[in-house]
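Peer 1: sharing a model that was predicted from the sequence below.
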Amino acid sequence: MLQKKSKLTKNIIIALFIFIIPTCVSAQEEIIDFESDRWDITGAQITEYSGRKCLMGTAFLKDVEFENGVIEMDLAVKKMRSYPGINFRIQSPGDLENFYIRPHRSPFYTDVLQYTPIFDGLAGWQLYNGEGYTAGYDIPYEQWLHVKLEVNGRQARVFINDDETPALVIHDLKHGINKGTLGVTGPADGSAYFSNFSYKLDDNLQFDPPPQPVQPLGLITEWELSQPLMYNALDLEKSYREQGLTDLTWQKVTAEETGLVNIARFVKRDDSRANCIWARKIIEADSSKNRELAFGYSDIICVFLNDRLLFSGNSSYRLRDPSFLGVVGLNDYIILPLEKGANELVFLLAEL
């Protein structure tokens, strides 16, 4: 009798253990009320919209370490210039991953949905555009829509409402694989509202392998970057040598597979006004020759070869016309008059 009773007790414990596990998982999916003290809502306020108590503005959870899993929320937007979304894997206020919506560009543009990394407080949306970063969508206005973000490793995908097909697939999260807290981000101006926020940790999400980027022939992948400088203190028509900048310190950096160098990833500013850097590359030529250079930039650039100014440009947001975004691509071309031997190619770059 004792042996049978012990066996029965063991069976009951196992059954209870199996029953308890799903209960713990479902608890992670519970709605986290925005009035909970788990939230820091310093940049937001609780309000009501379309029959719901909700949040307007930017807030983050104080007690979460999220790497892989599912983040869900309801979002209501008006047709106004606004960028509401989800912040995830937040390392600090200036270093995080961000997905957001541009309601005012729906449904005619291909960047209604946007993923961007944020490094050192600078969003890279002008650097990351097209497949894997942006997508179009027909956003319904002034009604609640459901947004689900699934994250695994270096990949993520976004589902809107009950669609089984993701509206946006993110191939490469630029902060890599790490952990951080979660939040919502939006203006507190009545253009966007959040409700029903929840998350679930899950390391078992399955993604298709991401496509491999095609590298253009002759891509420059190694650069040297200076420390950040004050843009207003520089003469844009003179090289750093001509300006007597003898105290520049140079760090070697490697571009992403596409050739892009996100400077904010490498250069940290002690002063937010230091919005300018020098980038240089030594090009060896076996003889004097002309070579075409294709490049992209954001926001301001001056190109020097062997201390000679060859090009200057400004592609700042909305500078050229009201719809101009200043998105980076290999869209500008110049001819480099290379001399035999070592040639110093230098970019002066400023972020406005």
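Peer 2: Yep, that arrived.
Peer 1: which element follows the worst-scoring helix or strand of the chain on mean pLDDT toward the C-terminus?
Peer 2: Using mean pLDDT, DSSP states H and E, helix 2-28 stands out as the lowest-scoring helix or strand of the chain, at a mean of 36. Scanning forward in sequence from helix 2-28 by DSSP states H and E, the next helix or strand is strand 39-49.
Peer 1: list the strands paired with that following strand, with their directions.
Peer 2: If you go by DSSP bridges, strand 39-49 pairs up with strand 52-61 (antiparallel).
Peer 1: sort out which residues of the strand it pairs with are buried, please.
Peer 2: The neighbour-count check on strand 52-61 (16 or more other CB atoms under 10 Å) flags 54-61 as buried. All C-beta atoms are positioned from the backbone trio N, CA, C, and that covers glycine.
Peer 1: which single one of the residues you listed is nearest to Leu319?
Peer 2: Nearest to Leu319 among the buried residues of strand 52-61: Thr58, at 27.1 Å, using CB to CB.
Peer 1: and the pLDDT at that closest one?
Peer 2: With respect to pLDDT, Thr58 scores 97.
Peer 1: is it in a bridge, and if so with what?
Peer 2: Listed beta-bridge partners, Thr58: Gly43 (assigned using DSSP bridges).
Peer 1: from Thr165, how far out is it?
Peer 2: 29 Å (CB to CB, to the nearest Å).
Peer 1: just Val64 next, same as before
Peer 2: Relative to Thr165, Val64 is positioned 28 Å away (CB to CB).
Peer 1: and the nearest residue to Pro103 once chain neighbours are set aside, what does it touch?
Peer 2: Nearest non-adjacent residue to Pro103, counting by CB to CB, 6 or more residues apart in numbering: Val77, 4.1 Å away. Contact analysis of Val77 by CB atoms under 8 Å, 6 or more residues apart in numbering lists 84, 101, 103, 139, 141-142, 191-193.
Peer 1: one more: Ala274?
Peer 2: Contact partners of Ala274, counting by CB under 8 Å, 6+ apart, are 228-230.
Peer 1: dump those residues to TSV, plus neighbour count and pLDDT.
Peer 2: What follows is the contacts of Ala274, written out as TSV (neighbours: other CB atoms under 10 Å; pLDDT from 0 to 100):
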residue	neighbour count	pLDDT
Pro228	22	96
Leu229	19	95
Met230	12	94
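Peer 1: so which of these is the closest to Arg241?
Peer 2: Leu229 (14.5 Å).
Peer 1: once you drop chain neighbours, what's closest to that closest one?
Peer 2: Cys276 (4.9 Å).
Peer 1: and that neighbour, how far from Tyr231?
Peer 2: 4 Å.
Peer 1: what do the two both touch?
Peer 2: The contact lists of Cys276 and Tyr231 share Ala350, where a contact means CB under 8 Å, 6+ apart.
Peer 1: before we move on, the earlier item: what's the local residue count around the residue nearest to Leu229?
Peer 2: Other residues near Cys276 come to 20 when the count uses other CB atoms under 10 Å.
Peer 1: partner strands of the host helix or strand of Phe88 and their direction?
Peer 2: Phe88 is part of strand 85-92, with elements assigned from DSSP H and E. Strand 85-92 has the following strand partners under DSSP bridges: strand 95-101 (antiparallel), strand 181-185 (antiparallel).
Peer 1: how far off centre is that strand?
Peer 2: How far strand 85-92 lies from its chain's middle: 10 Å, per CA atoms, centre = their mean, to the nearest Å.
Peer 1: shift numbering so it begins at 42
Peer 2: Sure thing, new numbering starts at 42, so read that last one as strand 126-133.
Peer 1: what's the nearest residue to Asp179 if we skip its chain neighbours?
Peer 2: Pro148 is the one closest to Asp179 (CB to CB, 6+ apart), at 3.7 Å.
Peer 1: in a helix, Asn384, correct?
Peer 2: No: Asn384 is assigned strand when assessed by DSSP: H, G, I helix; E, B strand; the rest coil, not a helix.
Peer 1: looks like it contacts Ile324 (just checking).
Peer 2: Yes: when contacts are counted by CB atoms under 8 Å, Asn384 is listed as touching Ile324 (4.6 Å).
Peer 1: tell me which stretches of the protein form helices.
Peer 2: 43-69, 304-307 (DSSP state H).
Peer 1: what's in contact with the shortest one?
Peer 2: Think helix 304-307. With CB under 8 Å, 6+ apart, helix 304-307 has contacts from 160-163, 165, 215, 266, 292, 294, 318, 320, 390, 392.
Peer 1: return the member of these nearest to Arg195.
Peer 2: Of the contacts of helix 304-307, the one sitting nearest to Arg195 (CB to CB) turns out to be Lys215, at 8.6 Å.
Peer 1: could you report the neighbour count for the closest residue to the closest one other than its chain neighbours?
Peer 2: Spatial nearest neighbour of Lys215, chain neighbours left out: Pro158 (3.7 Å); criterion: CB to CB, 6+ apart. Applying other CB under 10 Å, we find 24 residues neighbouring Pro158.
Peer 1: what residues go with each domain of this structure?
Peer 2: 69-242, 263-391 (automatic domain parsing).
Peer 1: which strand residues bridge Met95?
Peer 2: To be clear, residue 95 is Cys; Met isn't right here. With DSSP bridges as the criterion, Cys95 is bridged to Thr88.
Peer 1: quick one, grab the pLDDT at it.
Peer 2: Reported pLDDT for Cys95: 98.
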